[in-house]
Each structure stands twice: as structure tokens, then as C-alpha cells.
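Student: Could you look at this predicted model? Sequence included:
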Amino acid sequence: MTERSGPWANWAGNVVFGAERYHRPGSVAELQRLVAGSRKVRALGTGHSFSRLADTPGDLISVAGLPPRVEIDTAGAAVTVGGGLRYSDITGPLHAAGLALRNLGSLPHISVAGACATGTHGSGVRNGNLATAVSGLDMVMADGDIRTVRRDAADGEFDGMVVALGALGVVISLTLDTVAAFDVAQYVYEDLPLEQVTEHFDEIVASAYSVSLFTDWRGPLIRQAWLKHRAEARDQRTAEPRWLGGRLADGPRHPIPGLPAGNCTLQQGIAGPWHERLPHFRAEFRPSAGAELQSEYLVPRERAVEALLALEQIAGRLAPIVQISEIRTIAADRLWLSPSYERDSVGFHFTWIDDPPAVAPVLAVVEDALAPLRARPHWGKLFAMEPETLTGLYQRHGDFLALMRSYDPAGKFRNDLLDRFFPDPGPR
């Protein structure tokens, strides 16, 4: 076990954690002792949250040092992975075994446990967020004991324990559903006129297995459309040079203009394994821009065009501080704190410049524009929403608060963010 002096920051550097101590246990037994002996504790994955979700005034514990467990159950079409592993750590072994995850996020660099705990997602009208693949998990509870929960449990609490924001315990392993491995071919179209996108939105997002639309709000255009098609052996797809007013890119592209496309997964219809095409960025390179802040809001899919047009109305506020925005679809799920809980959704993601004072007031403008559409923010990204507003967006908010009280009665895993949005008036 290692213990280091601070300060410690997240991946983007916009959050400096207030922890007194930082630990990186090398075994589950060490982790259990740490959690049991701590007054306040939070688990840290790869630090890709832009909010203060992982912060704590006590002990910050990285689970990256836990044993790199990857146990593949080919017959059961499942894989059990250690809580400290990233997606890039598990996708290669899965593919070698002839299996795949149904979907992946933009970055293979993020931890599996952290992505699932925050409702992180990829894209696809039939693809739920990454946490929907979880069929079971093991976590270290406040008293140091290990609890195992499974999807088929009779108590009905499982749906509240997957996207759980680290509020119930420290996840040490997850079991994920898998499917048969498949190939993907990726194409990029540039400069789709906004009116074509608003008139054909449903057609566009259903046109491939995974679709991402990128805009910088500097004109009535979708700057890029990334279409990721499943490439079956019988599929001899030839991309049209023009599509809905856009043109097929004549070379590889990065979502942010001017950045090197070599950091991105292969495009131009070159088919390859699912794990080398579904993410936007390659695991061996630093993703995205690096110096950035991020926010994301999810709205009901049937109101996606309303949301797009509402944001277009405030494009003048967005364009000066946005590096790029991404629009993706996510299928509905049953996970209580998932931003796509019980509704098919469209996510509007913002990669901002690294300037918190400039970004903060624009968050409020975005939230005002999307408020009539009941937009839910991504828990791990920046948002300005007041607690009473956010509480009203989650039907199972009260049920989750009851879970927190049951599994962590002393508030060991609580922090300022959780206290703000899940206040517990009871005695400690």
C-alpha cells in the first residue's frame, strides 16, 4: 500500500482534492482495512470526473493498484473485472476470447467502475449506457465487509446500486454482459446543414450502430457526423460521397478542428475490431484536447430537435468558449440515478475551454435553455443546477437516499456534492 502527500488533482486539473491522505492499496484486504478505519473516504478511478464527485476531506483511495482481475466466462457470455481496470485493459482479452461489450464510450482510458458509477455512455439508439452491462458487483462497505449484489436479487435494490456515485461503498469488481465479437467500419461526413439535421434527425441517429454529431456552434452546421457501422462479412458497404448535404471526409479527422487525427480511431471505412472503432480515441494517445472542461445534459430523445434549436438560439454564448459539442443517443434503462432512466435520451456534450470563470455563467444559460425539456446533467461533469431542480428530475431520488442511509448510516462515503443533492437531516 502506498500513501502519498498531496495535493492531488483530477485528470483535467480543474479539481484539487481536499483529502488529508491518498492511498493506493495493492490488495482487497488492505482496502478493507483502510475503509473500515477511515472516518471519511472516497474511491478514485482514473480521475476523469470534472465535478467534485470524488472529493473527500478524509481518505482518497485509488483502486488502480488492486489486482487486475479479468475472468472471462465464455459459456455464460460474461466477464468479471477488477474495480481498478480501465476499458482498454479488458477489451483486448475479451476480443481474443471472441467476445465484446455491446458498446464503449468515447475514451478507452476511463475506469470501468467509475464509468458505470456515473452513468457514462457511448452512442446508439439501441445501446444503453455502459452501466446497463453490469449484472453484478462486489463492493467494500463502510464497515470493511464485502457485499455482493446481483441483477436477479429479489430485494429490487440492484437498480439503485450500479449508478451509485460511489455513495454506497467501494466497488472492487463488476460482472458485465458480453456479446459475440464484431467488426466496425467508421465514416466521417463534414458540414451537414442544420436544417437537414433537424428535418432528418431520427433517420441520422438510426443510420449506423453508433452515431456522433459534432458542432462548434459557429454556424448553422453540424461540422462532423461520425457513423460507426457494424461490418458483417457480407457487408460490402460503399460510402456515398454526399449525404444529407454533407460530404464524405477525404482523410482522417479529429473532432476538434486542428488537432491531430492520429490520436483517433481509424476512419474512412477501414473495418476493425469493435474495441478499436467504437471509441473515438486510441488508448495509446492522450484523448481529446487535454486542457478542457466538460459538461453534458441528457434530454428525452423525442425532444432532441427542440433541444438542438434551443441551443442554436444561444450559439453566440456557446461559440466563444466551446472547443466542440457532441450529440449522441442513449437507450432507456432502469437504473435509478442514470440520466437516461426510463427514457430514450439524447446527450448534448460540451467540451469547454479551460477557463472556469468563463464557463460557469454559460452553464446557467444552457440549463435555462434546456429546462423545459427536463434535461438531466451527467453526474461526473460540470453543471450549475440547484438541488430542488435536480431532485425533481429523478423519480427514485427518495429511494436512493434510503439506500444511502441503509448502507452508509454514518455518512462515511458522503462528501459536499452528495450532501448538497442527497441531504440527510438525520443524526450522524
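Tutor: That came through, no problem.

Student: rest of the way, CA atoms for contacts and neighbours
Tutor: Noted.

Student: Which residue ranges of the stretch 151-300 of the chain form strands?
Tutor: Counting by DSSP state E, counting those that start in this stretch, the stretch 151-300 of the chain has these strands, from start to end: 170-177, 179-180, 183-193, 210-215, 221-230, 242-243, 246-248, 272-273, 293-300.

Student: Which secondary structure elements does the second one sit against?
Tutor: Right, strand 179-180. strand 99-100 (3 or more Cα pairs under 8 Å, 6 or more residues apart in numbering; DSSP states H and E).

Student: mind checking which helix or strand the spatially most central residue of the chain is in?
Tutor: Among the residues of the chain, the one closest to the centroid is residue 120, at 2.0 Å (Cα atoms, centre = their mean). Residue 120 is part of no helix or strand when elements are defined by DSSP states H and E.

Student: Out of the strands of the stretch 151-300 of the chain, which gets nearest to residue 324?
Tutor: Smallest distance to residue 324 across those (Cα to Cα): 5.9 Å, for strand 210-215.

Student: Quick check: can you name the pairing partners of the closest one and their directions?
Tutor: strand 221-230 (antiparallel), strand 322-330 (antiparallel) (DSSP bridges).

Student: next structured bit after the lowest-mean-pLDDT helix or strand in the chain?
Tutor: Sorted by mean pLDDT, DSSP states H and E, the helices and strands of the chain end with strand 2-4, the least confident at a mean of 55. Heading C-terminal from strand 2-4, the first helix or strand you meet, by DSSP H and E, is strand 21-24.

Student: who touches the closest residue to residue 218 other than its chain neighbours in this structure?
Tutor: Of all residues not flanking residue 218 in the chain, residue 319 sits nearest, at 5.7 Å (Cα to Cα, 6 or more residues apart in numbering). Shown in contact with residue 319 (Cα atoms under 8 Å, 6 or more residues apart in numbering): 216-218.

Student: just residue 404 next, same as before
Tutor: 167-168.

Student: cool, and residue 240?
Tutor: residue 248.

Student: in the stretch 151-300 of the chain, what spans have low per-residue confidence?
Tutor: 233-237, 286-290 (pLDDT under 70).

Student: thinking again about what came up before, so which of the contacts of residue 319 comes closest to residue 256?
Tutor: Nearest member of the contacts of residue 319 to residue 256, counting by Cα to Cα, is residue 216, at 8.5 Å.

Student: Please report how far that closest one lies from residue 9.
Tutor: Distance, residue 216 to residue 9, by Cα to Cα, to the nearest Å: 28 Å.

Student: Specify which residue of the two has the higher count of neighbours.
Tutor: Set side by side, residue 216 and residue 9 show more neighbours around residue 216, with 25 against 14, by other Cα atoms under 10 Å.

Student: Quick check on the more buried one: phi, psi?
Tutor: phi -110, psi 10 (degrees, to the nearest 10).

Student: Thought residue 321 was touching it, still the case?
Tutor: No: assessed by Cα atoms under 8 Å, residue 216 is found out of contact with residue 321, at 9.5 Å.

Student: can you list contacts of the helix or strand hosting residue 114?
Tutor: Assessed by DSSP H and E, residue 114 sits inside helix 112-117. With contacts defined as Cα under 8 Å, 6+ apart, helix 112-117 is touched by 44-46, 83-87, 121, 130-131, 134, 162-166, 171, 173-174.

Student: Same question for stretch 283-300.
Tutor: 12, 14, 50, 88, 107-109, 256, 259, 263, 281, 307, 339-340, 343-356, 370, 373-378, 381-383.
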